[in-house]
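1. need a 3D model of the following:
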Amino acid sequence: SGKLPRNAKVPILSSVAWEATPDLLLAAAQPGPQRPKLVVGFCLTDQEIAAVTSKKRRQKNCDVMVGNSPANLGGDQAKLWWDDGRSGRWIAGTKVAVAARLLTMLEKQFLFDKKK
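-> Down below sits the predicted model:
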């Protein structure tokens, strides 16, 4: 009925042999010479989107985390939460418009902002 967290314990799924995959986002965002200049993560949650997104940005050491709800899947509209550690805001509209807005925000803040 909703998204399962990474380490969810669900009895009906216990008969399946699950193998943990590496956390690629966490690995890519580690400090050091190999870290990309900008790390943007995306998370999907059906719980408090703003709070979960902010927590994941800090946990994964991302510059930006964009939160998404399962309610956005399959349709033409989207409402996403942007968290860059300085501010958080909702971005809503068609998926094409939201994607363009995300790119514009990244460009303005990280390509032209000398503070980052």
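2. pLDDT weak spots in the protein?
-> Counting by pLDDT under 70, the ranges of the chain that qualify are 1, 4-8, 10-12, 112-116.
3. now the strands for it?
-> Here the chain has its strands, by DSSP state E, at 40-44, 64-68, 77-83, 88-94.
4. please name the residues that touch the residue of the chain most remote from its centre.
-> For the chain, the largest distance from the centre (Cα atoms, centre = their mean) belongs to residue 15, which lies 29.8 Å off. For residue 15, the contact set (Cβ atoms under 8 Å, 6 or more residues apart in numbering) is empty. The C-beta positions use only the backbone N, C-alpha and C, and glycine is treated the same way.
5. phi, psi for it please.
-> When quoted as degrees, to the nearest 10, the phi and psi of residue 15 stand at phi -80, psi -10.
6. OK, contacts around residue 29?
-> Counting by Cβ under 8 Å, 6+ apart, residue 29 makes contact with 35, 39, 41, 60, 61, 62.
7. separate out the buried members of these.
-> 39, 41, 60, 62 (16 or more other Cβ atoms under 10 Å).
8. show me these that map onto helices.
-> residue 60 (DSSP state H).
9. farthest-apart pair in the buried ones among the contacts of residue 29, please.
-> The largest separation in the buried ones among the contacts of residue 29, counting by Cβ to Cβ, is between 39 and 60 at 7.9 Å.
10. any idea how far residue 28 is from residue 55?
-> Residue 55 sits 18 Å away from residue 28 when distances are taken as Cβ to Cβ, to the nearest Å.
11. show me the beta-bridge partners of the spatially most central residue of the chain.
-> Geometric centre of the chain, nearest residue: residue 42, 2.1 Å, by Cα atoms, centre = their mean. On the basis of DSSP bridges, residue 42 is bridged to residue 66.
12. wait, it sits on residue 66?
-> Yes: between residue 42 and residue 66 there is a contact at 5.0 Å, judged by Cβ atoms under 8 Å.
13. what's the closest non-adjacent residue to residue 79?
-> In space, and not counting its chain neighbours, residue 79 is closest to residue 92: 4.2 Å by Cβ to Cβ, 6 or more residues apart in numbering.
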